[in-house]
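S.K.: sequence and predicted structure, then a few things I'm wondering about:
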Amino acid sequence: SMAPGALLLEAQREYEKESQKADEYLREIKDQNLLSEAVRQCIEAAGYEHEQEVGGSGAASFGKCFLDKFPPESFVRTCRDLRVLNAIWDYQIGIPLTFAQYKQLTIEVLLDRLVLRRLYPLAIRICEYLRLSEFQGVSRILAHWACYKVQQKDKSDEEVAHAINQKLGDTPGISYSEIAARAYDCGRTELAIKLLEYEPRSGEQVPLLLKMKKSQLALNKAIESGDTDLVYTVVLHLKNELNRGTFFMTLQKQPVALSLYRQFCKHQELETLKDLYNQDDDHQELGNFHVHSSYSSEKRIEGRVAALQNAVDEYYKAKNEFAAKATEDQIKLLRMQRRLQDDLDKPYVDYSLHDTVYGLILDGNHKRAEHLYRDFRVPDKRFWWLKIGALAEREDWEEMEKFSKSKKSPIGYLPFVEICMKHHNRHEARKYAARVTPEQRVKAHILVGYVAADAAIEHKNETEMNLVLSKCTAATDSSVAEKINRAKAQSLKK
Amino acid sequence: MLLCLFLPQLPGKKDLFIEADLMSPLDRIANVSILKQHDVDKLYKVENKPIVSTSDQLCFLVRPRITNMKYVADIVNADKATGRSRKYKIIFSPQKFYTCELVLEEEGIYGDVTCDEWAFYLLPLDDDLLSMELPEFFRDYFLEGDQRWISTVARALQLLNSLFGPFTNTYGIGRCAKMVYEVWRELVEESEGDSQARRPEISHVFLMDRDVDYVTALCSQVVYEGLVDDTFRIKCGSVDFGPDVTSSDRSFKVLLNAQDKVFSEIRNEHFSNVFGFLSQKARNLQTQYDRRRGMDIKQIKNFVSQELKGLKQEHRLLSLHIGACESIMKKKTKQDFQELLKTEHSLLEGFDIRESTSYIEEHIDRQVSPSESLRLMCLLSVTENGLIPKDYRSLKTQYLQSYGPEHLLTFHNLKRIGLLTEQAPGETLTAVESKVSKLVTDRAAGKLTDAFNSLARKSNFRGISKKLGLIPRVDGEYNLKVPRDMAYVFSGAYVPLSCKIIEQVLERQGWLGLEEVVRLLNGNEFAPTEPVTEENPARETQRVILAVFLGGCTFSEISALRFLGKEKGYKFIFLTTAITSSARLMDAMLEAKV
């Protein structure tokens, strides 16, 4: 044959023989500019010569030396493929594929066949040799191997699990849960659980664990995953699987799951929520539960009172005296408000104590207000604040004055001044300004619009003097300003 | 926009029902006309009343909550009862939860609806601020011990990691932070291989639980942006300025971010400087307007076409912010703001506790504001490591008298979360610690023991404050115009604890030397085993740090860290589950009165 490839092969043979003919052949190819074509042909031919495969690739490699820019990929690829074919032609393997068959079949299928024949080591070595990505190469084969391994009944669970982990380590793309699923299919539950331990993604462990009816373990894993959806899946699975008592007990041991389930119950199953608290003897939460229902689900006063009464009982059991007392007060208040509502034909229910008393004063029901004030031990200060506020709002200045004189005000008289001014009654405000303590007098005087210089000077307080000074306008108060500046200078000297 | 992928799946005219919480975020990214393009006929808010829609197709955009499922179920079942047939689609944002499906199933409508997820994790509120807009995170996790949002946060983190990472140095403190970190690491491992060998834009991450530092969140904010938030409530980066601000009969919705030239200059300033700044700005603006006098025709033409619009815009913003300032001043002086701040400062410093307690009592008695009173009580409790039993009882009684008995449940919640507790006589720190450690080592409880928040964590604020020097020594007046440390965000009285921790850890590249603080903070800290130092410090690249707040962060904290960044040459990017404030924290503790 005079094809360039044939010539090249001839040249190489002569070269081996150390004959100068090699050069002649080579020159001939080169003159025709066919050297790269020749190399290409040799590479291709190499794939098809079974027995003397070294010839073709040898010639190609020889010819390549005389080329500057021959792309090496095809050469390398063919060499690799040949190596692979060589390996499977080995008598111990015995897969006599031709190059064409091999190309047709693709490497993936070949690997599958090897796996089917359980020729795992060879398959892995081929993967490594061909530098296939771990994901489609080594990992896949290892997974197959492991799936086969779990079927070996003669080895103990520990041994198998250990062997698998030794081999697989944390190779990327390996799914321990799949292997475990296979083990479970073969009836080796314990092994499956052991294998799952190696699964780094907790989320993957859960479905199988549930399938294997290892729900407790599944719950642990779900919680570890931090995926609440997963936890819910397991919890609701448990709910159907276990009887109520055991279900609650299980939750008890899992605070995370318990709190999630409570969330769910809060919206969906209020009664279950109550049962849950009951089971825990969580009287505090039960109390809260009743308080909540007293204003969300109960509409009638009797119903609300009953709910609150339940709450009181629970709070006492929880030794939360404060809450119990507060709730008792609320019952008392509700009843009272109902009576007020009936008597006065105005809405009182659902107002706070403060607002109720305020409302009563605003309507001039001073007696009833007093009654509530005493009955609920409203602190004096609060009562005074709210009373003068309400009186001012109804502009009952007479009553306010009477009240101010009823006894010594626990909040002082500045608030009287303030509230009067707020309602634009300077006249009334001035009455109280006179009764304000010296410390607050300046403030009071400023409020009602007196020139407060004298008070400030008398009080010998510099900040107050400055305050007055800042209120002075140059046009009208220059004499006052002067007076203060003098006093300031004086106090500085001292 | 992703949402637009779902709407066509329900071809033809449809009505869209949106949960209130999702309205503002949606507003930021889509307007009505986009929705109309997708055949959305009418928009409704999801609320607790019967619907009036006549459309044959209903689409619901909701958070994955059980109540929402019941809402949908009620609608579907009502339709069934009247023999009406419609198509229903539920879009969950950011993801669907198993419980939702379960409820749909229990309500018997699982087959009647189709579901989808709108994986909307991050809303950029500003150049340096990303919000997950999950205000419920705080209550769900810290109060109810519900961990369902952990993976959501981890996913958001992974999203940022794949875009701007790889994050090489990850620090954090708090149980939740640790869990998020672990879940995130798993996500990274799963997706290993597609983000290798890139020069990270963000290399440092700091994760922090809100419960590491309640004190800062409970303080009144005095930095402009924080104050605006406290006063008007900023929603999704924009605020509604009412008639008292705009001095007209309309209210304006103003987007507050770095694009607003006036706002961006004052947002981080202490309030006392803002007025001066604004009036200076007004004067400058005037001079710029005045320049047009003495211009010839051509110059005027130039002025009108090029500058006038900008000036007008600035003018408008300026007058809005001045209006806001005035309104704030009016409100604050009415409540004797100075007095309030003084009380807060003494609580922080631990002086005059009796006096502060009576101040709070008066605050409650006079019904000044329910959430303010509650906040002050909490601040007292957290700084003092619990109230003494007498005060605990009397303040609560007063509060119930003022605001109604249902707050018994609020107090229970506050106790559970550790915001308002009673000093246990004789219970020493070590007793608590041994309880904690027992719980942590409990094998079954494993790494996630969080359902037990009831083990109210001790705040140990005094000890921490001393160790970290949170109360700056005062020598003379603190110059708020030229702040010298992060304390300026609280008038120089207190360095925010959360920010101080971040500063310290970044400086030390770990927790070394902070062991005592960590112990007082109840542990759960983590740091990279070997911090990756920048390979070439000479290259002058700015260190970018992602500060992640689980349970929300306040504008004051953001301002403080922005300041720290400027001082140290870092750049902070903030990722928070939501913007929070003392009022929002308190609201989260209320038990809904239906």
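M.R.: In hand now; what should we look at? Numbering: from 1, shown residues only, chains lettered A, B, ... in the order given.

S.K.: residues of the stretch 351-494 of chain A that sit close to chain B?
M.R.: A:Tyr351, A:Ser352, A:Leu353, A:His354, A:Phe376, A:Val378, A:Pro379, A:Lys381, A:Arg382, A:Trp385, A:Leu386 (Cβ under 8 Å from any Cβ of the partner chain). Every residue, glycine included, has its C-beta placed from N, CA and C.

S.K.: buried set for the lengthiest helix in chain B?
M.R.: Using DSSP state H, we find that the single longest helix of chain B is helix B:308-334. For helix B:308-334, the neighbour count (16 or more other Cβ atoms under 10 Å in any protein chain shown) marks B:308, B:311, B:314-315, B:317-325, B:327-328, B:332 as buried.

S.K.: and it, what does it pack onto?
M.R.: helix B:224-232, strand B:238-241, helix B:243-246, strand B:252-255, helix B:261-266, helix B:271-290 (3 or more Cβ pairs under 8 Å, 6 or more residues apart in numbering or on different chains; DSSP states H and E).

S.K.: can you give me the angle that helix makes with helix B:224-232?
M.R.: 60 degrees (axes from the mean of the first three to the mean of the last three Cα atoms, to 10 degrees).

S.K.: hey, where'd the strands end up in the stretch 51-200 of chain B?
M.R.: B:57-62, B:87-92, B:113-117, B:123-126, B:129-131, B:169-173 (DSSP state E, counting those that start in this stretch).

S.K.: I'd like the average pLDDT over the fourth one.
M.R.: Right, the one you point to is strand B:123-126. In this model, strand B:123-126 has a mean pLDDT of 86.

S.K.: same question, the shortest one
M.R.: Averaged across strand B:129-131, the pLDDT comes to 90.

S.K.: same check, this time on the second one
M.R.: For strand B:87-92, the mean pLDDT works out to 85.

S.K.: sheet-wise, list the partners of it with their directions.
M.R.: strand B:57-62 (parallel), strand B:113-117 (parallel) (DSSP bridges).

S.K.: turn those into JSON lines, columns for mean neighbour count and mean pLDDT.
M.R.: Shown next, in JSON lines, are the strands paired with strand B:87-92 (neighbours: other Cβ atoms under 10 Å in any protein chain shown; pLDDT from 0 to 100):
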{"stretch": "strand B:57-62", "mean neighbour count": "23", "mean pLDDT": "84"}
{"stretch": "strand B:113-117", "mean neighbour count": "16", "mean pLDDT": "84"}
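
S.K.: which one of the ones you listed lies closest to A:Gln12?
M.R.: strand B:113-117 (65.3 Å; Cβ to Cβ).

S.K.: show residues contacting that closest one.
M.R.: B:6, B:9, B:72, B:76, B:87-96, B:100-101, B:104 (Cβ atoms under 8 Å, 6 or more residues apart in numbering or on different chains).

S.K.: hmm, back to that, can you redo the strands paired with strand B:87-92 as a markdown table with distance to B:Lys13?
M.R.: Below are these laid out as a markdown table (distance: least, Cβ to Cβ, whole Å):
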| stretch | distance to B:Lys13 |
| --- | --- |
| strand B:57-62 | 7 |
| strand B:113-117 | 17 |
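
S.K.: report the contact partners of the residue nearest to B:Glu503 when sequence neighbours are not counted.
M.R.: Spatial nearest neighbour of B:Glu503, chain neighbours left out: B:Leu564 (5.7 Å); criterion: Cβ to Cβ, 6 or more residues apart in numbering or on different chains. Shown in contact with B:Leu564 (Cβ under 8 Å, 6+ apart): B:Met486, B:Cys499, B:Ile502, B:Glu503, B:Tyr570, B:Phe572.

S.K.: could you give me the buried positions within the helix or strand harbouring B:Leu564?
M.R.: Element membership for B:Leu564, per DSSP states H and E: helix B:555-568. By 16+ other Cβ under 10 Å, the buried positions in helix B:555-568 come out as B:Phe555, B:Ser556, B:Glu557, B:Ile558, B:Ser559, B:Ala560, B:Leu561, B:Arg562, B:Phe563, B:Leu564, B:Gly565.

S.K.: now, which of the residues you listed sits nearest A:Gln252?
M.R.: Nearest member of the buried residues of helix B:555-568 to A:Gln252, counting by Cβ to Cβ, is B:Glu557, at 39.2 Å.

S.K.: between the residues of the stretch 351-494 of chain A next to chain B, which has the most around it?
M.R.: A:Leu353 (27 neighbours; other Cβ atoms under 10 Å in any protein chain shown).

S.K.: can you list the residues of the stretch 151-300 of chain A near chain B?
M.R.: Counting by Cβ under 8 Å from any Cβ, the stretch 151-300 of chain A sits next to chain B at A:172, A:201, A:220, A:223-224, A:226-229, A:232-233, A:236, A:253-256, A:258-260, A:263-264, A:267-268, A:284, A:288, A:291-292, A:295-296.
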